[in-house]
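Trainee: make a model of this:
(chains A and B)
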Protein chains: 2
Amino acid sequence: MAGAVPMVEVWRGGMAESRHRGHAVICDATGAVVRAWGEPDAVILPRSSVKMIQALPLVESGAADAAGLGSEELALACASHEGAPMHVARVAAWLDRLGLAEADLRCGAQPTRDRAERKRMLIAGEVPCQLHNNCSGKHAGFLTLSRHLGGGPDYNDTAHPVQRAVRAAFEDVTGMNSPRYGVDGCSAPNFATTMHGLARAMAFFAVARPDAPDARPRAAARLVAAMLAHPDLVAGEGRACTELMRAMDGKVAVKTGAEGVFVAILPARRLGVAVKIEDGATRASEAAIVGLLAHLGVLDRDHPAARKRLGDPIRNWRGIETGEIRLAEGFA
Amino acid sequence: MAGAVPMVEVWRGGMAESRHRGHAVICDATGAVVRAWGEPDAVILPRSSVKMIQALPLVESGAADAAGLGSEELALACASHEGAPMHVARVAAWLDRLGLAEADLRCGAQPTRDRAERKRMLIAGEVPCQLHNNCSGKHAGFLTLSRHLGGGPDYNDTAHPVQRAVRAAFEDVTGMNSPRYGVDGCSAPNFATTMHGLARAMAFFAVARPDAPDARPRAAARLVAAMLAHPDLVAGEGRACTELMRAMDGKVAVKTGAEGVFVAILPARRLGVAVKIEDGATRASEAAIVGLLAHLGVLDRDHPAARKRLGDPIRNWRGIETGEIRLAEGFA
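Mentor: A predicted model of the protein is given here:
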């Protein structure tokens, strides 16, 4: 990642106090690079930004239809949700309909990030379970596919039919072999690709149509439609993915990933976008994707959801303005 | 900050997933640079890393003695404490002895970062006050000095006698004029300096002796002794400053600052150290200072407090090892 370039700055006292470097790639319908900052060939772990890729086998295999999944479940399969009651209840009901339970998940228990629910649970003395894990929808999807394929319980194993199907789909839509993988926070394998590969995959989703002859683009179109239809299920109130998809009137799908990753799928423009902040900072990946979406003309820089991540003053404990987040010169 | 160099990496799946660049400077007793990574002339906002400098006028003016402050209060004046009951009670008692109250503070209310207290307050429906602000000790020091100097209530104003005295001391020990300032999270002015200036100031503290003829080095020695005597008051249980000072048997003072700053004062070695992570990440500044202190032979890399920040495996929600934090090649 030697070639990461300055993308986002945090200003205070009339100077850039901190600076975030990164890579960004915009790909067109042919998978070619339209514009890039940093190194398109940098290998990254895309983390949760590729949940819609990880959900492709669920849909294209027929497993989703066999289990009667609707667009809400498909949105949850692509989600990094905040474990609010609306997310937890839907994943629980999904598992219940399959005759499965929380204990069948292999994502680990994570505290809810919904403030009201967190407070309620704390006072009630309730402990978080695997349903609260931000990846529980993805894992419910893995379980659904595993049952369809007749796989064993360890669906996170790279040799398991679920992960073999995920890897095949991943390598297809990124247009390259994955050189390695890391174990994600939810214990699923996370396949590496290049910045170009990730943007190319998002362009694949952008051009996918529901009436395509092949199952894969049909599945991709259905997953994008589900994300756009349920921005609240993809993340949650106050979160970047939810607020930005709403701000763009449900016409552009966006997805965050841990360690500074953000992607966007622009169906009307037939473009895919990928961002990786070298140092892994979420404040920077959010500002960078806002900058890129505004640069592409699909997000109003003055929309509150945009300004919240890029432009609004940073205030301290007494409400005094102390600085702001800006794009670095030369970026977007 | 163009010349920041790779200092810390976060590994996952056999690759560096994220990388933090930064600057680091080690200064000797003469103020000369012994060793540097990145740019010694980079201008930074040192944030809370310079609280011991901001406390110099409190001691050297005689205000601390006039108010009967002991080493606990002096440690709190240098602290970014977590607002645990032990910190809040001491600052409250300090203000009470001065005939002042929480409302005289100008640092703003901040939630306590002590988990048990946070839970207790949440359940009890109590709201945090300015005493919980991690800077409340520094501000109690400002109030003590202000009373001694006959200043008005707005002690955060750069024209106020308190901040004029702070600036004069700051420019003296950094060895240079401060080119600008930013408003800190606690509303106090935070004067900018270079990496070299910050390391030089820490070297000044390292060589300061309690029997020095001048009031400033005597005050510096007293503040370092207070930090070393009360590592729990400087930060809190579980926090880097507290754990690292204990790990070094109270022989080296360290202090964190927001946005990736960390400093160290090594009296026995007569050295001062300054670190600034370009992107502002605390995980990286903590790993970098651990690496530097180990490099200098004053911290055991295998001590649990060191390994917690550099070397221990990172585990996910299921306790599975997913990666680790490492120093970048060529750093420390």
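
Trainee: low-confidence ranges in chain A?
Mentor: A:1-2 (pLDDT under 70).

Trainee: contacting residues around A:Ala240?
Mentor: Each residue near A:Ala240 by CB atoms under 8 Å, 6 or more residues apart in numbering or on different chains is listed here: A:Val254, A:Thr256, A:Phe262, A:Glu286, A:Ile289, A:Ala305, A:Arg309. Every residue, glycine included, has its C-beta placed from N, CA and C.

Trainee: what is A:Ala36 paired to in the beta sheet?
Mentor: A:Val25 (DSSP bridges).

Trainee: thought it was touching A:Ala24?
Mentor: Yes. Counting by CB atoms under 8 Å, A:Ala24 is a contact partner of A:Ala36 at 6.8 Å.

Trainee: the more surrounded of the two?
Mentor: A:Ala24 (28 against 18; other CB atoms under 10 Å in any protein chain shown).

Trainee: gap between that one and A:Ile277?
Mentor: Distance, A:Ala24 to A:Ile277, using CB to CB, to the nearest Å: 9 Å.

Trainee: overlap in contacts, the two.
Mentor: A:Met7, A:Ala288.

Trainee: and A:Val189, how many neighbours?
Mentor: That one is not Val; residue A:189 is Pro. 20.

Trainee: got the phi and psi for the residue nearest to it when sequence neighbours are not counted?
Mentor: Of all residues not flanking A:Pro189 in the chain, A:Tyr181 sits nearest, at 4.5 Å (CB to CB, 6 or more residues apart in numbering or on different chains). The phi/psi pair for A:Tyr181 (degrees, to the nearest 10) reads phi -150, psi 160.

Trainee: was I right about A:Leu105 contacting A:Ala140?
Mentor: Yes. Between A:Leu105 and A:Ala140 there is a contact under CB under 8 Å: 7.4 Å.

Trainee: what do those two both touch?
Mentor: Both A:Leu105 and A:Ala140 are contacted by A:Leu95, under the criterion CB under 8 Å, 6+ apart.

Trainee: okay, the two: which has more neighbours?
Mentor: A:Ala140 (28 against 24).

Trainee: and that one, that's in a helix?
Mentor: Yes. Membership of A:Ala140 in a helix is supported by DSSP: H, G, I helix; E, B strand; the rest coil.

Trainee: which parts of the stretch 201-332 of chain A are helices?
Mentor: A:215-229, A:231-234, A:240-247, A:282-295, A:304-307 (DSSP state H, counting those that start in this stretch).

Trainee: for the first one, name the packing helices and strands.
Mentor: Packing partners of helix A:215-229 (3 or more CB pairs under 8 Å, 6 or more residues apart in numbering or on different chains; DSSP states H and E): helix A:51-54, helix A:56-60, helix A:71-77, helix A:161-174, helix A:195-207, strand A:253-257.

Trainee: can you redo the ones you listed as JSON lines with mean neighbour count and distance to B:Val298?
Mentor: Listed next are the helices and strands packed on helix A:215-229 as JSON lines, based on neighbours: other CB atoms under 10 Å in any protein chain shown; distance: least, CB to CB, whole Å:
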{"stretch": "helix A:51-54", "mean neighbour count": "28", "distance to B:Val298": "45"}
{"stretch": "helix A:56-60", "mean neighbour count": "27", "distance to B:Val298": "53"}
{"stretch": "helix A:71-77", "mean neighbour count": "24", "distance to B:Val298": "51"}
{"stretch": "helix A:161-174", "mean neighbour count": "21", "distance to B:Val298": "46"}
{"stretch": "helix A:195-207", "mean neighbour count": "27", "distance to B:Val298": "41"}
{"stretch": "strand A:253-257", "mean neighbour count": "26", "distance to B:Val298": "39"}
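
Trainee: closest one to chain B among those?
Mentor: strand A:253-257 (10.8 Å; CB to the nearest CB).

Trainee: how far off centre is the closest one?
Mentor: Put simply, strand A:253-257 sits 4 Å off its chain's centre (CA atoms, centre = their mean, to the nearest Å).

Trainee: how about stretch A:121-139?
Mentor: With CA atoms, centre = their mean, you get 19 Å for stretch A:121-139.

Trainee: show me which positions of that stretch end up buried.
Mentor: A:121, A:128-139 (16 or more other CB atoms under 10 Å in any protein chain shown).
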